[in-house]
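# show me the folded form of this:
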Amino acid sequence: MSTLSKAINSNLFTSMSRIVKAAVVTEFGKSPAYSDFDLPAPLETHTQVKVHAAGLHQLVKGRASGAHYSASAKLPMVPGVDGVGELSNGDKVYVMAFDKDSTGTMAQYANILKLDCLPIPSGGDANTIAALMNPAMSSWLALRTRASIKPNATVLIMGVTGISGQLAVQIAKSLGASRVIGAGRNQQILDSLLSKDLDVAITLSDDTEKIKQEIAKEAANVDIVLDYLWGPSAELAINSIIAARADKAQRLDWVQIGQMAGPTINFPAGVLRLANFYVSGSGLGSVSPPEFRSELGELVNKLVSGDFVAEIDAHKLSDVEHVWTRKADKGRPVFVIE
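Okay, the predicted model is just below:
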């Protein structure tokens, strides 16, 4: 048994129920309030972790609103799908709270499935890891388990100006992509990315004809599309790429990750016959728990070593009600647990 496994299994927090300070959702669609929460003793398969930091991700908001496909119907609830904390012996761990019997991480303590406590190398910054693991894992898992990126691949990122998209540029290059194209609305961020790792930027303006032409010119022969947008943007891009593709037999992997532009598209059946076109999703349910743990253990190390970077915006958990509805324009919000 590893040192971490021994620490988890002997964790002094394990058998305790307690009243904790937490962000608490009492009604779907409303911001959580900072208040007391009655945290039950964890099951035998779980351990209680003292939480130091938890990220405010789109997934967190979606689950807390009750709209996300993985949302629980049980209220009150503590939001938060991951974070950084410590065991009773002081070992630092990255934790995931996707398991149905785990509790949300936006609290002083959380009950976490023992298998979902991943060790953090020394020197890892809790706020950075808590803020960036979730947005980084979206492209990391998509490229490693869904699209199987190959050396010298060309990758198009739909929604590149968000934190997830910005990290996706770095991750795609690190995994062997020779050309990365990014599409997004924020011109300032697009220009900034062009000065770094992004090779081509496509501005998603209101001029659909111009967008079609740019996608047909720059992205017709991409190997992989990481789609954080879906909706009309994806519909336009799919039709533009397939129509302009030089070699229709060249495989195109479209990996659906987010739906910032809308939850549905009109998808003509003929598109799947016109080209070697594969559509898959990357998220909870489409990646197995063992794959999650294996891949994220490596990703933690990458973040600690500074291989992938993005801005974070740290706040006290007691400010949750105010921060919850703010526009995240200063980096990925992360709550520091007092």
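# mind giving me the domain split of the chain?
As given by automatic domain parsing, the domain ranges for the chain are 3-120+308-336, 134-281.
# and the longest strand seen in the chain, C-alpha only, in CSV?
If you go by DSSP state E, the chain has its longest strand at strand 46-55. The C-alpha coordinates for strand 46-55 follow below in CSV (Å, rounded to 0.1, in the frame of the first residue of the first chain):
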residue,chain,number,x,y,z
HIS,A,46,-14.8,7.8,1.2
THR,A,47,-12.5,10.0,3.3
GLN,A,48,-12.9,13.5,4.7
VAL,A,49,-10.6,16.1,3.2
LYS,A,50,-9.8,19.6,4.6
VAL,A,51,-10.3,21.8,1.6
HIS,A,52,-8.0,24.7,0.8
ALA,A,53,-9.2,25.8,-2.6
ALA,A,54,-12.0,25.1,-5.1
GLY,A,55,-12.5,26.4,-8.6
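# count of neighbours near the residue nearest to Trp230 when sequence neighbours are not counted?
Nearest residue to Trp230, sequence neighbours excluded (C-beta to C-beta, 6 or more residues apart in numbering): Gln259, at 4.2 Å. Every C-beta, even on glycine, is put in place using the N, C-alpha and C of the backbone. By other C-beta atoms under 10 Å, the residues close to Gln259 number 18.
# test my guess that Gln259 contacts Ser233.
No - applying C-beta atoms under 8 Å, one finds Gln259 not in contact with Ser233, separated by 10.2 Å.
# so which of the domains of the chain gets nearest Glu295?
With C-beta to C-beta as the criterion, Glu295 lies closest to domain 134-281 of the domains of the chain, at 5.7 Å.
# gap between the residue nearest to Trp230 and Thr203?
Relative to Thr203, Gln259 is positioned 21 Å away (C-beta to C-beta, to the nearest Å).
# ok, back up a step: contacting residues around the residue nearest to Trp230?
Listed by C-beta atoms under 8 Å, 6 or more residues apart in numbering, the contact set of Gln259 reads Leu229, Trp230, Gly231.
# scan those and report the most crowded one.
Leu229 leads these on contacts (other C-beta under 10 Å) with 27 neighbours.
# looks like that residue contacts Gln256 (just checking).
No - with contacts counted by C-beta under 8 Å, Leu229 stays clear of Gln256, the gap being 9.5 Å.
# now do the residue nearest to Trp230 against Ser205, distance only.
For Gln259, the distance to Ser205 (C-beta to C-beta) stands at 20 Å.
# kindly report the same for Glu218.
Separation of Glu218 from Ser205 (C-beta to C-beta): 15 Å.
# now Gly182
Distance, Gly182 to Ser205, using C-beta to C-beta: 14 Å.
# so those two - more neighbours on which side?
Each of Gly182 and Ser205 has its neighbours counted (other C-beta under 10 Å); Gly182 has more, 28 against 11.
# what about the residue found closest to the more buried one once you drop the neighbours it is linked to in the chain, neighbour count?
Excluding the flanking residues, the one nearest Gly182 by C-beta to C-beta, 6+ apart is Val160, at 3.1 Å. For Val160, the neighbour count with other C-beta under 10 Å is 29.
# Val60 too?
Val60 has 25 nearby residues by other C-beta under 10 Å.
# which of the helices or strands spans Glu298?
helix 289-304 (DSSP states H and E).
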